[in-house]
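**Student:** one predicted model, sequence on top.
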Amino acid sequence: MRASVICRIRKDRVNKAGTAPVYLQVTINSEKLQIPLKISWPVELFDNKAG
């Protein structure tokens with residue numbers, strides 16, 4: 001069984017304030033599940049590669 005968890009930001013849903021929702025991407029055996037964290041963060045301060 002392979003599993004990983006990555007913190008991501010939704011750059012396609014940026015609001016007028018320049019923030020976007022943050023979520024966890026959980027992958028188990030190639031199945032992806034996105035869990036919203038119900039917080040927003042400035043897009044320019046977030047690096048999706050580093051999480």
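**Tutor:** Done, it's in.
**Student:** show me where this protein has strands.
**Tutor:** In the chain, the segments counted as strands under DSSP state E are 3-9, 19-28, 31-42.
**Student:** closest one to residue 48 among these?
**Tutor:** strand 3-9 (5.7 Å; Cβ to Cβ). (Each C-beta comes from the backbone N, C-alpha and C, glycine too.)
**Student:** OK, contacts around the residue nearest the centre of the chain?
**Tutor:** With distances taken as Cα atoms, centre = their mean, residue 8 lies nearest the centre of the chain, 2.0 Å away. By Cβ atoms under 8 Å, 6 or more residues apart in numbering, the residues touching residue 8 are 22, 23, 24, 25, 34, 48, 51.
**Student:** and it, what's its pLDDT?
**Tutor:** Here the pLDDT value assigned to residue 8 is 91.
**Student:** repeat for residue 11
**Tutor:** 88.
**Student:** verify the stated contact: it with residue 19.
**Tutor:** No: applying Cβ atoms under 8 Å, one finds residue 11 not in contact with residue 19, separated by 11.0 Å.
**Student:** sort out which one of the contacts of residue 8 lies nearest residue 42 for me.
**Tutor:** The closest of the contacts of residue 8, once distances to residue 42 are taken by Cβ to Cβ, is residue 22, at 10.6 Å.
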